[in-house]
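# Quick one, what's the 3D model for this:
(one chain, ligands or ions: 1)
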Amino acid sequence: MTPSSSAEGSHPPPPLEEGPALTPRTGPSAHLPVGFRIDGWELGAPIGSGAWGTVHEARSVADDTPVAVKVLRTDALAPGQRAALGELVQREVRFSREADHPNLVRTHAVCTVEAPDHPDLDGAIALVMDRAERSLQDVLDATEAGRPVPDADRVLRSVAAGLAHMHGAGWVHGDLKPANILLSADGDVWLADFGVAAELEGTHAHMPPLGTLDHLPPEWWSQRTDSRGTVVRTTADIWAFGVLAHQVLTGGLHPFPGATARARSLAAQAYARGTAPLRLDADIEESRRRLIADCLSPDHATRLQYTADVLKARVDELSGAPRRRRRLVPVVAAVLAGAAAVTGALMLRDDGGADDKGGPGTSATATGSTVAVAAGEIPPDSDVPKALRPVIVKAAHRCTDKEITPIVLAAMLKAESGFDAKAARPASEEFGIAMWTPSVFRAWAVDGDGDGDKDHMSPPDAISTMSLYVCWLDQRFKEAGLPEKDLVKLVVAGYRTSDRTIIEERGVPERVRPHVDKVMRYLADYER
Ligand SMILES: Nc1ncnc2c1ncn2[C@@H]1O[C@H](COP(=O)(O)OP(=O)(O)OP(=O)(O)O)[C@@H](O)[C@H]1O
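Numbers count the residues shown, from 1 in each chain. Predicted coordinates for the structure are as follows:
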């Protein structure tokens, strides 16, 4: 195949440290004394300190309402940092005014501290907020590793609801993580820390290059950074939600391996490039694992379909609503006794309503005299060589777009090379099982067999690369608004031509129609 690919140039943003990149040069945190008054609020004991200041317990002098007051020091800041802090506070205040939701912490007032006896804190900014009892990070710290936090589904539902409200109101949170989820004494769950939150301008927003490595999406590293900050989209929050959901369901375990945040971030980037698999904790129940895997779709375009509203509905369904039963395509195994009696019967699998794509290990279910194969999986009696099946299945499952299934890849490979690893068409420079043109292969290459080499003649490398490429084509065509019902045909045609050709022609070009028809016939055979 000889597609032309378009690669956008980009400037990677500056590297982040393990914590926030823009860290003020404050000295040891100085506290205002218990009983100190800031406008109508009286401070109690400090609760804790973050990079920007200290949070105190406090109450309203007028009616004793408990609140928390975050005192942000400005004295030790360099001028640039002072401006950045001012911007963070303004964002926080603007956001609090515009968004009001039971799952977002409220900021009641912003005051300036007047404390001539405490020069360190004189002129500091004080944010008066609803008071929480602890953060989700505190809960995770107290939970045994591997176990879900108490009331995990409700916590996730609340976070998704708060996020859906933010996104609906046109804001991106930008720093979603357990330390920024607060739990009140009454069991309320609030998203907090809107200092980084940014207002959307169309599909994306600009925000300072803050954020925490453990929850940043892989595309963050290739986003442009300019004077307005780094581009972020709502899909960055969806990625962070995926990481957070994994942590909530496993007592804090991160979905990517590594002893440090930087190592975990590199592992996430390797996964996004297609060079490492996504390995979620095996103890997480299947439908929740799928939810997390969807949030952790490797790129922003794929993640777009999983809006916070969709996530909230899915968590609702997982935790409360009766579980839907879903139909599977039946394959009647002729070798099994009584096959004729069950021909045409539908097998049902209860999968909690997740999408149609089975994860690894869900490809076939055998009960009694019927073997059921999930839609899109390779039927056991097909002509797909047995040795290739796990390779094809693994490659297809790396793409979270539902059009790219094992049988689509199998039908394409059959039409390209008849599953012949040594196939060659030297005249058009196409070689191997997936008929890659070596120069094109190099631009997309995946090391499918993990031998450290990316070789278009190696079936695992060629097939994994094919899956990555057709997944990208599928996303390109969705973005271009091509008809959903034609996506498989368009992807097959795109593999023989290029993304640009298909988008310009908005359909299958005549010259590749016979090839596309052939693939669709093979596909129909596998679907039968
Ligand atoms: N509204 C609140 N009610 C009760 N505790 C709070 C509230 N806001 C923050 N805290 C707690 O105060 C401590 C400091 O919070 P802060 O937001 O300053 O820093 P952080 O989130 O820990 O770190 P950073 O913002 O630097 O990333 C944390 O333990 C946090 O859970």
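
# Now tell me which helix or strand of this structure has the poorest mean pLDDT.
strand 347-349 (a mean of 23; mean pLDDT, DSSP states H and E).

# Might one say that R134 is in contact with A185?
No: contact criterion C-beta atoms under 8 Å: R134 and A185 do not qualify, at 9.3 Å. C-beta here means a position set from N, CA and C on the backbone, and glycine is covered the same way.

# more neighbours, the two?
Neighbour count, other C-beta atoms under 10 Å: between R134 and A185, R134 has more, with 15 against 10.

# nearest residue to the more buried one other than its sequence neighbours?
L183 (5.7 Å; C-beta to C-beta, 6 or more residues apart in numbering).

# ok, Q90 to L127 distance?
Distance from Q90 to L127, counting by C-beta to C-beta, to the nearest Å: 11 Å.

# what's the answer for R106, then?
11 Å.

# More neighbours: the two, which one.
Shown here are R106 and L127; by other C-beta under 10 Å, L127 has more neighbours (24 against 15).

# and the more buried one, bridged to which residues?
Beta bridges link L127 to K70, V110, judged by DSSP bridges.

# still on that earlier bit, surely the residue nearest to R134 is in contact with L191?
No: the criterion here is C-beta under 8 Å, and L183 misses it with L191 at 11.3 Å.

# So between those two, which is more surrounded?
L191 (25 against 20).

# and the more buried one, what are its bridge partners?
L104, I181.

# How many residues are close by the closest residue to the ligand within the chain?
Going by C-beta to the nearest ligand atom, the ligand is nearest to G50 of the chain, at 2.0 Å. Residues lying near G50 (other C-beta under 10 Å) number 16.

# mind listing what it touches?
G50 makes no contacts at all, as judged by C-beta atoms under 8 Å, 6 or more residues apart in numbering.

# And the pLDDT at it?
According to the prediction, G50 has pLDDT 77.

# and the gap between it and G418?
61 Å.

# Outline the domain layout of the chain.
Domains of the chain are assigned by automatic domain parsing as 37-131, 135-319, 376-527.

# what would the ones you listed look like in CSV with distance to H31?
CSV is the format used below for the domains of the chain (distance: least, C-beta to C-beta, whole Å):
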stretch, distance to H31
domain 37-131, 5
domain 135-319, 19
domain 376-527, 48
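
# Compare these and say which comes out lowest on pLDDT.
domain 37-131 (a mean of 82).

# Quick check on the spatially most distant residue from the centre of the chain: phi, psi?
Most distant from the centre of the chain: D117, at 48.5 Å, with distances by C-alpha atoms, centre = their mean. In terms of degrees, to the nearest 10, the main-chain angles of D117 are phi -80, psi -10.

# can you check the one 5 residues further on too?
In this entry, D122 is assigned phi and psi values of phi -70, psi 130 (degrees, to the nearest 10).

# Please apply the same query to V172.
phi -110, psi 140.

# Which residues of this structure lie near the ligand?
Residues of the chain found near the ligand (C-beta under 6 Å from any ligand atom) are 20, 47-53, 55, 68, 70, 105, 129-132, 135, 179-180, 182, 192-193.

# The same query, at a cut-off of 5 Å, please.
Within the chain, the positions lying close to the ligand (C-beta under 5 Å from any ligand atom) are 47-48, 50-51, 55, 68, 129, 131-132, 135, 179.

# who touches stretch 102-117?
Contacts for stretch 102-117 (C-beta under 8 Å, 6+ apart): 32, 36, 38-39, 41, 67, 71, 89, 92-93, 96, 100, 121-130, 132, 158-159, 161-162, 165-166, 182, 188-192.
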